[in-house]
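In: Sequence plus predicted model, see below.
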Amino acid sequence: MDNGKKPQDEQELLENGYKKYCGDRIDVYFNKCLCVHSGNCLRGNPAVFKFGRKPWIITDAADAEEVARVIDTCPTGALKYIWKTEKP
């Protein structure tokens, strides 16, 4: 499931311009065209989201629940996630 809104599947996200960042329990998707650079992700958890690093998203740098929490603060939907395992 994505960040609390309508469930989306990976194919739909990729077709809509999202790039996938794989994790053990959660996959993160980012669409740079939707991003307004509010910085919520960077401030929310700089171990996961760090501008200038490649890759700039390291999904497993924090607990999956923490990653989802930060993504839920994205105001534009530029960041989304899909659980790979049962959501806790």
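Out: Alright, I've got the coordinates. Numbers count the residues shown, from 1 in each chain.
In: Show me where this structure dips below the pLDDT cut-off.
Out: The model of the chain has pLDDT under 70 over residues 1-7, 86-88.
In: any chance you could map the helices in it?
Out: For the chain, the helices defined by DSSP state H cover 10-15, 40-44, 64-71.
In: Please identify the most buried of those helices.
Out: With neighbours taken as mean count of other C-beta atoms under 10 Å, the helices of the chain reach their highest mean count in helix 64-71, at a mean of 20. C-betas here are computed from N, CA, C, even on glycine.
In: Residues contacting stretch 20-27, please?
Out: If you take C-beta atoms under 8 Å, 6 or more residues apart in numbering as the criterion, stretch 20-27 is touched by 10, 13-14, 28-30, 55, 57-60, 64, 67-68, 81-85.
In: ok, back up a step: now distance to Lys50 too, for the helices of the chain, in a markdown table please.
Out: Listed next are those as a markdown table, based on distance: least, C-beta to C-beta, whole Å:
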| stretch | distance to Lys50 |
| --- | --- |
| helix 10-15 | 22 |
| helix 40-44 | 7 |
| helix 64-71 | 12 |
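In: Centre-most residue in this protein?
Out: Val28 (3.5 Å; C-alpha atoms, centre = their mean).
In: hey, what's that residue bridged with?
Out: Val28 forms beta bridges with Tyr21, Tyr81, as assigned by DSSP bridges.
In: Now do the contacts for it.
Out: Val28 neighbours (C-beta under 8 Å, 6+ apart): Lys20, Tyr21, Ile57, Thr59, Val67, Ile71, Leu79, Lys80, Tyr81.
In: same thing with Ala78?
Out: So Ala78 contacts Phe30, Asn31, Lys32, Cys33, Leu34, Cys35, Val36 (C-beta under 8 Å, 6+ apart).
In: rerun at 10 Å
Out: 17-18, 29-38, 41, 71 (C-beta atoms under 10 Å, 6 or more residues apart in numbering).
In: can you check Val70 too?
Out: 3, 28, 40-45, 48-49, 62, 79, 81.
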